[in-house]
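Colleague: Sequence and predicted structure below; questions after.
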Amino acid sequence: MPRVGSETLAVVGLEEAENGDYVCHSITVKESEAYEFSSHMTNRRKEVHAMKRLLWILLMMLIPHPAEGGHFKYASLSWSKPTDLPPNYVRFTLVSAWSTKFLPFQLQTPNQEVAVGDTIRIQGLGNPVLNFGDGKSSVVLTKVLLVDNDLEMWRGEAVIEHEYTNSSRNYIAYFSGCCRSQSVLNRHDGYFNVSTEVSMSELVPFSPRIAILPRVILQTDALSPFYVTAFDSGPHPLQSPNSSHFEWTLKNETDWNANGLYINRTTGEMWVNNMTDLAKSTATAENLYSILVEVSDTKYSTVTQADLELQIFGAQTVIPEYDGNFSQGIDGFPAVNEVYKMYTYQHVMRFIMPGADQLSMRLLTSTLPDGFAVSPVNPMSTNVRGGYMGYEASLVWTVPAIKDSWTVICFQVFTNSTSHVGSAQTCLDFYMRQDHGPVWENPTLNIMQEYIYMGQTWTYELVAKDMNLADNVTITPIDLPLGATVTPVYRDPNIQSNIVSMNVTWMPPPKSGGEELNLCFEASDYLNGMNGGGSSRVCFETRIPKCLYMVRSGDTLKSIAANFSTSWLQLWALNKQISKPEGYGFEGGITAGQILNVGQLVLINPGDTLEKLAAKFGTTMRLILDMNKDITPLQPLVVGQYVCVIPSSCAERAL
């Protein structure tokens, strides 16, 4: 390597330009780490290809920088075949995490400091490109989504599309390179490799996606399992028995089995039995290990992998704990949290830590879906419980209007101290559902048939339930008859469910026999004044029997007769069971709830008319019409029909 001066070296590197030419960079490297660049163009592709690889390695070796210790921290690779892509196209998603101190990354940014929103081309030894498995590859341009300067780590996501020319086979796509951090105790040769199996079958639309943080934290003295969570673009397992079924495998098992790290193949839960020998004596030591986990979809026979760091703290280290056991909390995996499309949810993520002194904390999350927002972590004003301080962050999510699906996010907090102690990982499983309208729990049928007597007080409790706890459910009466009343909609605040109730009360008035009407009610859900998942209607097909009256408390034959324009003697004659017409509430008299005849049912024969009936029974057409709401002066009587008639009830007699 040519020497420029007593304290400098000249290093040459080559980079391929967009037009296929090569740009030759001459870099003057000083011990003060100041760099000057000059460039010129050349077209000798074949001759310089081998030189490019060699000189890049030399450049990496000569830069006196912490990047010598490695810059790779985490990667997971997945794929899908969205409907907006042409046939045989696959969309890959590569989530990865890297060191912020790696110079080639810094040089790609405006201020030589990686920041959220930057686009970084992944570089390093071992030619870290995405290999598609068909002999082709692509550079990886990653958008920075998170930067944590205390951990000297940034995380980003790259989306790359590729066309496969042979659709009759599977491919193994992989992302590999060098180097992982020297702090990783089982780094081996420093190389990393994550892969996924790509199926070109039309029946296989996607691979699993692994949701996990770049660094998982465990303690040696506690049963502190964590989950390697996964999801995909299909329906949630709760939605369909034919949805995906995953299996988990710890790929570098030979490194771990003797040391007590295990994974449950059916749930993804990982735990340790005895890893005390792996933890250094210093409580704040990094104690970093790498683990490679593979998730298989047994339905579609596809796999994906994640390479991440495992940090082990000793028993004496105090770490924050997640607490979801309160009213606004949210349950961590494996619990499932149902959410509904187009609705906004707000949850509180609470962490507790022993000690009376308030600490400064920050939150790290996995890749968040669209619509997610997470607030900073703030200390609570009072202790959560004796000896524990509480710290809270709010999670707000407006669920997008997509098909029923699911997603998983993971998070942890770190103390803003020199030790950067972090919590264990907590993951949230969200089942994104289409919001449906409320359903009736009482009545359970949409059409109910009710017979209500004149004088009867009919009361019914309506109960509707909505599975979406965020909905505001209301019950609305539709065209209630005169005299009907309803109570306000009631929701019990002490019950964690969305059940509302309303009581309806109605008493058919006298002279309403023969009336048929529908009493209908609609249960609807609303959120912030907007329509929710819909509505559901229930109707009572109500019929009021003719000539029958239910005695109310305080009634007498005289008061009942007055309501029907007749005399108490006539009522007494129509009800032979009454032996003491002047009595009420005792044997032989009338009692509340008793059914009385207030008229006589007459069968219509051929030739009968209202005029003939009135003349025959000593009454009037008007009184016949009053007692039979199902007939009108313009509607002829029907043979076989029953008409209620009060005999000998002319107006002058009834007075």
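Modeller: Sure, I can see it. Numbering: from 1, shown residues only.
Colleague: Tell me the secondary structure at Phe333.
Modeller: Secondary structure state of Phe333, per DSSP: H, G, I helix; E, B strand; the rest coil, is coil.
Colleague: which SS class is the nearest residue to it once chain neighbours are set aside?
Modeller: Spatial nearest neighbour of Phe333, excluding adjacent residues (CB to CB, 6 or more residues apart in numbering): Cys427 at 4.1 Å. C-beta: built from backbone N, CA, C; applies to glycine. Secondary structure state of Cys427, per three-state DSSP, is strand.
Colleague: Test my guess that Cys427 contacts Ala211.
Modeller: Yes. Using CB atoms under 8 Å, Cys427 is in contact with Ala211, at 6.3 Å.
Colleague: quick check, Leu203 in a helix?
Modeller: No. The assignment for Leu203 (three-state DSSP) gives coil, which keeps it out of a helix.
Colleague: Could you give the bridge partners of Thr93?
Modeller: Going by DSSP bridges, Thr93 is paired in beta bridges with Ser78, Val159.
Colleague: for Glu392, same thing?
Modeller: Going by DSSP bridges, Glu392 forms beta bridges with Arg350, Asn378.
Colleague: what's the burial count for it?
Modeller: Applying other CB atoms under 10 Å, we find 19 residues neighbouring Glu392.
Colleague: On the pLDDT front, check it for me.
Modeller: With respect to pLDDT, Glu392 has a value of 90.
Colleague: Relative to Gln311, how far out is it?
Modeller: 24 Å (CB to CB, to the nearest Å).
Colleague: Then Val144?
Modeller: Val144 is 23 Å from Gln311, by CB to CB.
Colleague: mind listing the helices for the stretch 51-200 of the chain?
Modeller: 103-106 (DSSP state H, counting those that start in this stretch).
Colleague: what ranges of it fall below the confidence cut-off?
Modeller: For the stretch 51-200 of the chain, the stretches with pLDDT under 70 are 51-69, 188.
Colleague: Can you get me a residue count around Trp440?
Modeller: So Trp440, with other CB under 10 Å, has 19 neighbours.
Colleague: Identify the bridge partners of it.
Modeller: Bridge pairing for Trp440 - DSSP bridges - gives Ala464.
Colleague: Start at 10, not 1
Modeller: Sure thing, new numbering starts at 10, so read that last one as Trp449.
Colleague: What ranges in the stretch 560-664 of the chain fall below the confidence cut-off?
Modeller: 593-595, 658-664.
Colleague: residue boundaries of the helices in the protein?
Modeller: 54-71, 112-115, 262-265, 566-572, 577-583, 619-626, 630-636, 660-663 (DSSP state H).
Colleague: re earlier: what is the burial count for the residue nearest to Phe342?
Modeller: 24.
Colleague: Give the bridge partners for it, please.
Modeller: Beta-bridge partners of Cys436, as defined by DSSP bridges: Cys419.
Colleague: got the contact list for it?
Modeller: Counting by CB atoms under 8 Å, 6 or more residues apart in numbering, Cys436 touches Ala220, Ile221, Tyr236, Thr238, Gly341, Phe342, Ser375, Val417, Ile418, Cys419, Phe420.
Colleague: would TSV of those with neighbour count and distance to Ser510 be doable?
Modeller: Shown next, in TSV, are those (neighbours: other CB atoms under 10 Å; distance: CB to CB, whole Å):
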residue	neighbour count	distance to Ser510
Ala220	24	40
Ile221	23	44
Tyr236	24	40
Thr238	26	39
Gly341	20	33
Phe342	22	35
Ser375	24	42
Val417	19	36
Ile418	23	36
Cys419	23	40
Phe420	22	38
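Colleague: Out of those residues, which is nearest to Gly133?
Modeller: Of all the contacts of Cys436, Gly133 sits closest to Ile221, with 22.1 Å by CB to CB.
Colleague: Next one: the closest one relative to Asn195, how far apart?
Modeller: 18 Å.
Colleague: same check, this time on Pro590
Modeller: Pro590 is 102 Å from Asn195, where distance means CB to CB.
Colleague: Could you list the buried residues of the strand ranked longest in the chain?
Modeller: What stands out as the longest strand in the chain, according to DSSP state E, is strand 539-552. By neighbour count on 16 or more other CB atoms under 10 Å, the buried set for strand 539-552 is Gly541, Gly542, Ser544, Ser545, Val547, Cys548, Phe549, Thr551, Arg552.
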